[in-house]
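J.: Got a sequence here, can you build the structure:
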Amino acid sequence: MNRLVKIPLYVCCILGLFCMNAYASDVKLCEQLFKSKKYEKAVTVCQRSCSLNEGASCGNLGTLYSRGLGVREDVNTAEKYYDIACSLDDGKGCVDLGKLVLADALFSKDYSRVIKYYEKACNLNEGEGCSMLGFLYTRVKGIENYSKAKKYSEKACSMNEGNGCMTLGTLYYSGYGVGKDYSKTMKYLEKGCSLNDRESCVALGNLYHNGNGVKQDYNKAMKYWEKACNLNDGDTCNVLGFLHTGGQDKDNYNKAKKYYEKACSLHNHEGCTGLGRLYANKQDYSNAKKYYEKACDIHDSNGCLLLGLLYNNGQGVSKDYSKAKKYYEKACSMNGANCGGLGLLYLGGEGVRQDKTKAKEYFGTACAKGDELSCDVYRKLNEQGY
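T.: Numbers count the residues shown, from 1 in each chain. Predicted structure coming up:
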């Protein structure tokens with residue numbers, strides 16, 4: 001006959017405490033490994049704590065699979081873990097699940113699942129969920145609802161979610177769903193910018209630069225644009241680079257270079273082209289070529305045109321009309337205003353058979369898109385009967 005073995009109560013307590021400590025340790029370790037980017041180890045530990053219904057760990061697993069960090073990228077598995085996290089009332093998991101299904105919603109135009117997940121996140125006091133609802137109800141055609149946008153953006157902003165403040169400021173600026181109120185516009189945009197929301201900083205810079213709703217103040221505009229650039233807004237870095245271009249002021253040149261370099265590092269194609277121009281103006285064609293190439297690779301028509309011009313003129317490279325033609329063609333295909341480069345080749349018969357009729361066609365295309373130099377050449381060719 002089997003005898004029941006009695007385990008002393010203190011032993012049970014010790015075992016229970018050990019299990020609880022091990023559980024808490026896994027939860028903490030999952031987060032630590034994730035934040036320290038030790039992704040392969042994080043996968044194992046997070047799976048263990050997720051299996052014990054720890055929502056944040058499941059959410060971290062979703063992120064690892066969605067980005068292919070420490071595991072093979074697998075969107076379906078990512079969605080599964082985000083769904084588990086959200087069902088366990090992990091607000092961030094709900095936000096990340098909403099973001100994951102948003103891409104499909106943009107094509108299907110069915111935002112019901114996205115809204116469901118963001119609403120749950122917002123109800124769990126996850127500020128980003130409230131902010132995303134404000135964004136959707138303000139900017140997505142077909143589901144605009146400015147009263148809901150205001151409601152969710154107010155909650156997001158009250159929870160110090162900068163983008164919610166930005167949406168709220170935009171509503172008061174436009175008057176959508178609320179009365180126009182520039183003082184409230186400034187109040188919410190300033191709060192958003194103070195919370196490091198770069199869109200709020202950009203908007204404040206624009207308002208001060210243009211004098212919309214506030215007294216025009218270029219110094220304040222620059223201050224807010226500089227902050228936006230520091231927050232990695234590539235477009236604003238490019239604008240600052242442009243504003244510091246020109247003249248012989250060495251300090252201005254260095255500032256322009258700094259801003260263009262940052263813009264380009266953020267894959268802003270105009271910033272790469274601007275940086276290339278700075279080097280070309282200093283007759284440093286080797287660096288000009290480097291940045292024109294980068295700009296052209298990320299589909300900047302002006303970068304391709306200027307790169308073609310270097311090969312056309314043999315500046316910093318061996319003269320090569322076939323390469324010039326290649327880059328001129330790419331520039332022209334992206335922006336008709338830059339078809340004048342091809343016009344030049346056919347006008348002079350450089351690397352191609354001279355054909356002034358064809359040259360006129362290219363100059364005409366560029367002229368129609370607003371390139372004045374091409375218009376001048378087009379008129380002259382027209383006068384000559386081509």
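J.: who's in contact with the helix or strand containing Thr273?
T.: Using DSSP states H and E, Thr273 sits within helix 269-281. Defining contact as C-beta atoms under 8 Å, 6 or more residues apart in numbering, one finds that helix 269-281 is touched by 234, 237-238, 241-242, 245, 253, 256-257, 259-264, 285-292, 294-295, 298-300, 302-303, 306, 310, 315. Glycine gets a C-beta too; all of them are placed from N, C-alpha and C.
J.: which element follows it toward the C-terminus?
T.: helix 285-297.
J.: residue ranges with poor pLDDT in the chain?
T.: Counting by pLDDT under 70, the chain contains low-confidence ranges at 1-24, 246-250.
J.: Which parts of it are strands?
T.: Using DSSP state E, no strands are found in the chain.
J.: List phi and psi for the spatially most central residue of the chain.
T.: Centroid-nearest residue in the chain, with C-alpha atoms, centre = their mean: Asp233, separated by 7.5 Å. Main-chain dihedrals, Asp233, degrees, to the nearest 10: phi -90, psi 100.
J.: which non-adjacent residue is nearest it?
T.: Sequence neighbours aside, Arg198 is the residue nearest to Asp233 in space, at 4.5 Å (criterion: C-beta to C-beta, 6 or more residues apart in numbering).
J.: wait, what's in contact with the one you found?
T.: Neighbours of Arg198 in contact, by C-beta under 8 Å, 6+ apart: Lys227, Ala228, Leu231, Asn232, Asp233, Thr236.
J.: how does it look with 7 Å?
T.: Ala228, Leu231, Asp233 (C-beta atoms under 7 Å, 6 or more residues apart in numbering).
J.: Thought Asn196 was touching the second one, still the case?
T.: Yes: under the criterion of C-beta atoms under 7 Å, Leu231 is in contact with Asn196, at a separation of 5.9 Å.
J.: These two - which one has more neighbours?
T.: Leu231 (17 against 13; other C-beta atoms under 10 Å).
J.: Look up how far Val239 lies from the nearest residue to that one once chain neighbours are set aside.
T.: Nearest residue to Leu231, sequence neighbours excluded (C-beta to C-beta, 6+ apart): Arg198, at 3.9 Å. Distance, Arg198 to Val239, by C-beta to C-beta, to the nearest Å: 13 Å.
J.: Burial check on the closest residue to Leu381 other than its chain neighbours, number of neighbours?
T.: In this structure, Leu381 finds its nearest non-sequential neighbour in Lys360, 4.3 Å apart by C-beta to C-beta, 6+ apart. Neighbours of Lys360 under the rule other C-beta under 10 Å: 22.
J.: and the gap between Lys360 and Gly234?
T.: In terms of C-beta to C-beta, Lys360 sits 38 Å off from Gly234.
J.: Then Lys330?
T.: In terms of C-beta to C-beta, Lys330 sits 22 Å off from Gly234.
J.: now do Tyr111
T.: 28 Å.
J.: do the same with Gln47
T.: For Gln47, the distance to Gly234 (C-beta to C-beta) stands at 37 Å.
J.: Then Gly98?
T.: 26 Å.
J.: More neighbours: which of the two?
T.: Neighbours were counted for Gly98 and for Gly234 using other C-beta under 10 Å; Gly98 has more, 27 against 19.
J.: list the contacts for that one?
T.: Per C-beta under 7 Å, 6+ apart, neighbours of Gly98: Val114, Tyr117, Tyr118, Ala121, Met132.
J.: right, and the third one touches Leu133 too?
T.: The reference is to Tyr118. Yes: using C-beta under 7 Å, Tyr118 is in contact with Leu133, at 4.9 Å.
J.: Now stretch 94-109: buried residues?
T.: Cys94, Val95, Asp96, Leu97, Gly98, Lys99, Leu100, Val101, Leu102, Ala105 (16 or more other C-beta atoms under 10 Å).
J.: My error: substitute stretch 114-131 in the last question.
T.: Buried, per 16+ other C-beta under 10 Å, within stretch 114-131: 114-115, 117-122, 124, 126-131.
J.: Closest to Ser322 out of the residues you listed?
T.: Closest approach to Ser322 among the buried residues of stretch 114-131 (C-beta to C-beta): Val114, at 49.7 Å.
J.: Can you spell out the domain ranges of the chain, please?
T.: Domains of the chain are assigned by automatic domain parsing as 7-85, 336-386.
J.: would you list these in TSV and tack on distance to Tyr172?
T.: As requested, those are exported to TSV (distance: least, C-beta to C-beta, whole Å):
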stretch	distance to Tyr172
domain 7-85	34
domain 336-386	36
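J.: out of the ones you listed, nearest to Asn163?
T.: domain 7-85 (19.5 Å).
J.: quick one: Gly98 from Lys109, how far?
T.: 16 Å.
J.: again, but for Tyr173
T.: 27 Å.
J.: Lys258 now?
T.: In terms of C-beta to C-beta, Lys258 sits 43 Å off from Lys109.
J.: Could you verify my assumption that Tyr173 touches Thr185?
T.: Yes: under the criterion of C-beta under 7 Å, Tyr173 makes contact with Thr185 at 4.3 Å.
J.: Pull the contacting residues for Lys180.
T.: Taking C-beta under 7 Å, 6+ apart, we find Lys180 in contact with Tyr172.
J.: Pull the number of nearby residues for the closest residue to Ala149 other than its chain neighbours.
T.: Among residues not flanking Ala149 along the chain, Tyr137 sits closest, at 3.8 Å (C-beta to C-beta, 6+ apart). Using other C-beta under 10 Å, Tyr137 has 23 neighbouring residues.
J.: Quickly list what's touching both of Leu231 and Asn196.
T.: The contact lists of Leu231 and Asn196 share no entry, where a contact means C-beta under 7 Å, 6+ apart.
J.: hmm, back to that, compare the domains of the chain and give me the one nearest Lys325.
T.: Comparing these by their distance to Lys325 (C-beta to C-beta), the top pick is domain 336-386, with 5.8 Å.
J.: That closest one: end-to-end distance?
T.: Taking C-alpha to C-alpha, to the nearest Å as the measure, domain 336-386 stretches 20 Å from start to finish.
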